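**Q** give me coordinates for this.
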Amino acid sequence: QVQLVESGGGLVQAGGSLRLSCAASGRTFSSYAMGWFRQAPGKEREFVAAISRYSTTNYADSVKGRFTISRNNAKNTAYLQMNSLKPEDTAVYYCTAGTFTQAVMSGTGDYWGQGTQVTVSS
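**A** The predicted structure follows:
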């Protein structure tokens with residue numbers, strides 16, 4: 001069993017930056033693909049970014065060039081660096097983990113965190 005805890009959300013002005021963290025329990029963090037999803041009010045949860053256990057990354061078109069996903073296996077933590085934030089980035093951001101990268105990217109990862117709120121003001 002893996003538990004995921006997100007942190008780093010908050011209120012930021014448009015154009016600003018935030019870094020989200022996802023701390024994972026357990027000894028097998030390095031064997032999991034990690035991902036970030038987000039859900040805005042009244043909208044479905046959508047894929048943001050993923051990183052494989054080999055550190056291959058994938059991004060949604062809407063965040064390419066602005067967001068960067070990374071991982072630190074020694075700290076059992078994944079990160080989402082968000083730059084040039086826009087009001088439309090406002091959402092609850094969720095961390096997910098899974099054995100297979102494609103499953104994580106499709107939203108069918110094995111584990112999910114509780115989410116952290118990101119609000120971007122205009």
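**Q** which residues touch the spatially most central residue of the chain?
**A** For the chain, the residue nearest the mean C-alpha position is residue 36 (2.5 Å; CA atoms, centre = their mean). Residues in contact with residue 36, defined by CB atoms under 8 Å, 6 or more residues apart in numbering, are 20, 22, 48-50, 69, 78, 80, 93-96. Quick note: C-beta positions are derived from backbone N, CA and C, even for glycine.
**Q** now residue 42. Its backbone dihedrals?
**A** Torsion angles at residue 42 (phi, psi; degrees, to the nearest 10) stand at phi 80, psi 10.
**Q** meant to ask about residue 98, not that
**A** phi -160, psi 170.
**Q** do residue 71 as well
**A** phi -150, psi 150.
**Q** still on that earlier bit, past the host helix or strand of the residue nearest to the centre of the chain, which element shows up next along the chain?
**A** Under the criterion of DSSP states H and E, residue 36 resides in strand 33-39. Following strand 33-39 in sequence order, the next helix or strand is strand 46-51 (DSSP H and E).
**Q** and residue 49, how many neighbours does it have?
**A** Using other CB atoms under 10 Å, residue 49 is surrounded by 24 other residues.
**Q** nearest spatial neighbour of it, chain-adjacent residues omitted?
**A** Leaving aside its chain neighbours, residue 49 sits nearest to residue 69 (4.0 Å; criterion: CB to CB, 6 or more residues apart in numbering).
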